[in-house]
Structures are given as structure tokens and as C-alpha cells.
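Novice: pasting the structure only:
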């Protein structure tokens, strides 16, 4: 099996396609959010006039459009980087070298290394107080990432852990044992969701609707009801192992064809005629969302993205189960996926990172630089971070006008200025 031990992992803005804001959005920009678009854990909020915020966001949007960015390369891992997450100041990376590294984004320095797993790290996620990691050693570990202390270890899977995601008090983990486990931090309960026929490569919890998405090597994606512990939808269409599933924000709306395509139409987009009326949405999820008081239960996210080893990214209508768009462009399997209402970023076995318009599915830009498959991606309004089997992590910042490339890590630290040129649009 060629894909053994290879994979992914990861971790919106108000700009329109041309980088402009609507009048309504401008009024909302008397805000305290920092200019980099990521909320800091530690910084003190400061008032910023809407004109300043508008200028910053316009510049960021233009830089994304033309591929103008500064790039930092983080080196230090001794094996492939398989998962990462970043915020405004901290980058966390997990590797097949069985370590997790915490980096200072501004200085590029490695702050600490978390050691304790006995096999490769396939998944991680952190917040203000903790970092949770999942490993091929079949365990989940909870760390104080500020001190490096391992606070607890969870066991329960009978195969290596491929994925994890926590939201509120719920943690989901996906494993080579073909199951999804749900861990409740509040009452310490746990249970398994079984139905996949192969490894579970990605999980995403939606605590509001009390559902969880899972993607598997069996080429399917499943939506589970955490109350009944039952699978309520299965999405099939990929012809390769599904590596990623990504529910999209509530304000996301796709751009669809206005007319129903003919039977021989080669278009990769569905028609707006396929969208059900709002009244039918709740019914599509069954009794768990319609019976009695469940009629007021929040619905799962309306749209989701998936990436698979068939080299495609697909956009789905969760309510109908239909594939609305297929994003073609990669020439080898897609391992990594991130996105918001503006853009989707994918990384693949072909060593390329592609940036797509999330509404139209058009590939806007392709980034190269990695010497191995791109296995994980993180995304914010103004930054994109990619990890690879080449042991490197590349952080692109779109806040500046000029392109620069810097290399940081345990081996050397240097920075020089150059214009980052992306290949022609795909």
C-alpha cells in the first residue's frame, strides 16, 4: 500500500474577489482585531480606525491575488512534517520523528520540543491552555505547550491515530483501526463510531449541531449524530482515498451555474437548480433534527470540502449529499486542505500548493518550493503555512509588498530579499 504512513493534517476575511469591501462591511471595521487577521491570545486589543483596517485588508487581498508574499522556512525536524497549526505568534509542528516543535513565528526560533510519543505524530491541535497530539503509537497526549509538560495520555484505539479535532468539550479522533472515538472532557465519557471500512484520515467536530464528519481510505465521508451515535449521511463520489474533510463557515455561498447542464456537459459545477428550498434542509437530516424539540436543533454546516488521492478537491452540499464542484489541477493525490469563505488552499503529492477561489473553484495561483509531498496546511487571512515530507515548514505572509525568503531553524538563520514568482495559473 503506497500511501502507508503518508498524509496530511492541518489547521475568513471580508474581502471580495477584487480585494474590496462592501459599504456594510466597512461599517463593521471600527474594530479591535489586529491587522494580521488572527486574534492574539496575549496581546491587548487596541482601537483601529476603519480606514486603517480597510487599507491593510485591501493590501493583503491584493497580495494574495498577485502572489506577493514573504516566506520563512522552518528547519529542525529530522523526518517528514505531518501536521501543523499556527496563530499570530506561535507555530506548532508534528513529525514522523516523534516530536512536536513549538516555534516563535516572528523570530523563527524553536522555543521547545515536546517529547513523549514513541512513533510519528500524525495530528495536533492547540488552544490557549493545551495542545493535543495523536500518534502512530496509538495514543493521544495532552500537553502544556508553554512548558512542554505532558499532562495526560489517552488510550483506547487499537491502531495508530491518524486525525483529531476538538471543539468545546468534545474531542474526536480517527484511527487506522477504522473507528472514530469521541472523548468528552466534561464527564470523561468516551464512545466509538464504527462504519468505515478503512483508515479514518480526518475528523471534524461541530459541537453546535452535535455532529462529527469523518473521511476515510474507503473513499467515503460520513456525518455522524453524536446523540444517537449513528451515521446519518454518507458521501460517495471520490475514486481515491479521502484524506481531508473541511466544513465551511456558515456565511459561505458557492457560485453555481444558473441553468441545468446538459447530460453531456463536461462542467465540473452543479446547477443552482440542485439547491433545495430551505424548508427541505432540516428534513434531509432525518428525525434527529425534526422530531419534537429537535426541530430547534442547530443544523450541521451547509457545505463542506474534501480532498482525496484521486487528485481532486470536491465541494459538497451537506444537506443533499450532492457534489457541487470538483476542483481539478493537481496531478497527484491531495493530502492537505484548508479554506475559508474567500479561498481554499490544497497541498498534494505533486509537491505543489494551489490557491483556489472558494466560490468558483478556479485555481488562482500555484506555489512551489517543497522538495517532497505537501502533507499539511494552515491558513489565516494574511498567512499560509505548509509542511512537507521534506522536513520543512514554509510560512508565507501576504502582509508585505515585496517578496522575501528567509530560512530559520537549528541549522542556520539567514534572510535575503527576492521576488517570489509563482508558476502560471493552472
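Specialist: Everything's here; your move. Note that this is a predicted model, so its numbers are computed, not measured.

Novice: Show the average pLDDT along the strand or helix carrying residue 384.
Specialist: Applying DSSP states H and E as the criterion places residue 384 in strand 383-388. For strand 383-388, mean pLDDT rounds to 98.

Novice: go on, stretch 143-162?
Specialist: pLDDT averaged over stretch 143-162 gives 97.

Novice: Could you list the paired strands of the host helix or strand of residue 366 along with their orientation?
Specialist: Counting by DSSP H and E, the element that carries residue 366 is strand 363-367. The pairing partners recorded for strand 363-367 under DSSP bridges are strand 353-357 (antiparallel).

Novice: How far does the partner strand sit from its chain's centre?
Specialist: Offset of strand 353-357 from its chain centre (CA atoms, centre = their mean, to the nearest Å): 13 Å.

Novice: Tell me which residues of it come out buried.
Specialist: Neighbour counts over strand 353-357 (16 or more other CB atoms under 10 Å) mark 353, 354, 355, 356 as buried. No exception for glycine: its C-beta is placed from N, CA and C like everyone else's.

Novice: Under the pLDDT cut-off, which ranges of the stretch 151-300 of the chain? List them.
Specialist: Along the stretch 151-300 of the chain, the model assigns pLDDT under 70 to residues 258-279.

Novice: Kindly state the beta-bridge partners for the closest residue to residue 235 other than its chain neighbours.
Specialist: Leaving aside its chain neighbours, residue 235 sits nearest to residue 221 (4.2 Å; criterion: CB to CB, 6 or more residues apart in numbering). Taking DSSP bridges as the rule, residue 221 bridges to residue 215, residue 235.

Novice: how many other residues sit next to residue 221?
Specialist: 28 (other CB atoms under 10 Å).

Novice: Same check on the one 3 residues further on?
Specialist: The tally of other residues near residue 224 (other CB under 10 Å) stands at 24.

Novice: got it, and the one 10 residues further on?
Specialist: Burial of residue 234, expressed as a neighbour count using other CB under 10 Å, amounts to 13.

Novice: what's the helix or strand for residue 53?
Specialist: Using DSSP H and E, residue 53 maps to helix 50-66.

Novice: Let me see the contact set for residue 199.
Specialist: Each residue near residue 199 by CB atoms under 8 Å, 6 or more residues apart in numbering is listed here: 159, 162, 174, 175, 176, 178, 216, 217, 241.

Novice: try residue 180
Specialist: Counting by CB under 8 Å, 6+ apart, residue 180 makes contact with 172, 173, 174, 192, 193, 194, 196, 200, 203, 212, 214, 224.

Novice: which strands and helices sit next to the strand or helix carrying the last one?
Specialist: Put plainly, it is residue 224. Element membership for residue 224, per DSSP H and E: strand 220-225. Judged by 3 or more CB pairs under 8 Å, 6 or more residues apart in numbering; DSSP states H and E, strand 220-225 is in contact with strand 211-216, strand 230-236, strand 242-247.

Novice: If you compare the directions of the second one and strand 242-247, what angle comes out?
Specialist: Orientation check (axes from the mean of the first three to the mean of the last three CA atoms, to 10 degrees): strand 230-236 against strand 242-247 gives 120 degrees.

Novice: Numbering from 2 from now on, please.
Specialist: With 2 as the first residue, the last one maps to strand 231-237.

Novice: Model confidence at the spatially most central residue of the chain, what's the number?
Specialist: A centroid search over the chain (CA atoms, centre = their mean) returns residue 339, at 3.5 Å, as the residue closest to the centre. For residue 339, the model assigns a pLDDT of 98.

Novice: Am I right that it is in a strand?
Specialist: Yes. Looking at residue 339 with DSSP: H, G, I helix; E, B strand; the rest coil, it is inside a strand.

Novice: separation between it and residue 346?
Specialist: 5 Å (CB to CB, to the nearest Å).

Novice: In which helix or strand does the nearest residue to residue 119 once chain neighbours are set aside reside?
Specialist: Once flanking residues are discounted, residue 119 sits nearest to residue 138: 4.5 Å by CB to CB, 6+ apart. Using DSSP H and E, residue 138 maps to neither a helix nor a strand.

Novice: List the buried residues in stretch 158-178.
Specialist: Those would be 158, 161-167, 171-178, for stretch 158-178 by 16+ other CB under 10 Å.

Novice: Surely the residue nearest to the centre of the chain and residue 378 touch.
Specialist: Yes. Judged on CB atoms under 8 Å, residue 339 makes contact with residue 378 at a distance of 4.4 Å.

Novice: Report the inter-axis angle for the strand holding residue 225 versus strand 231-237.
Specialist: If you take the same axes, to 10 degrees, strand 221-226 sits at 160 degrees to strand 231-237.

Novice: so what does the helix or strand where residue 174 lies touch, helix or strand wise?
Specialist: Assigned by DSSP H and E, residue 174 falls within strand 171-176. Using 3+ CB pairs under 8 Å, 6+ apart, the elements in contact with strand 171-176 are strand 162-168, strand 180-185, strand 201-207, strand 212-217.

Novice: at 6 Å instead, please
Specialist: Contacts defined by 3 or more CB pairs under 6 Å, 6 or more residues apart in numbering; DSSP states H and E place strand 171-176 against strand 162-168, strand 180-185, strand 201-207.

Novice: Of all those strands, which one is nearest residue 236?
Specialist: strand 201-207 (12.7 Å; CB to CB).

Novice: That closest one pairs with which strands, and in what direction?
Specialist: Next to strand 201-207 in the sheet, as set by DSSP bridges, lie strand 212-217 (antiparallel).

Novice: quick one on the thing from earlier: got phi/psi on the residue nearest to the residue nearest to the centre of the chain when sequence neighbours are not counted?
Specialist: Spatial nearest neighbour of residue 339, excluding adjacent residues (CB to CB, 6+ apart): residue 380 at 3.9 Å. Backbone torsions for residue 380, taken as degrees, to the nearest 10, come to phi -140, psi 140.
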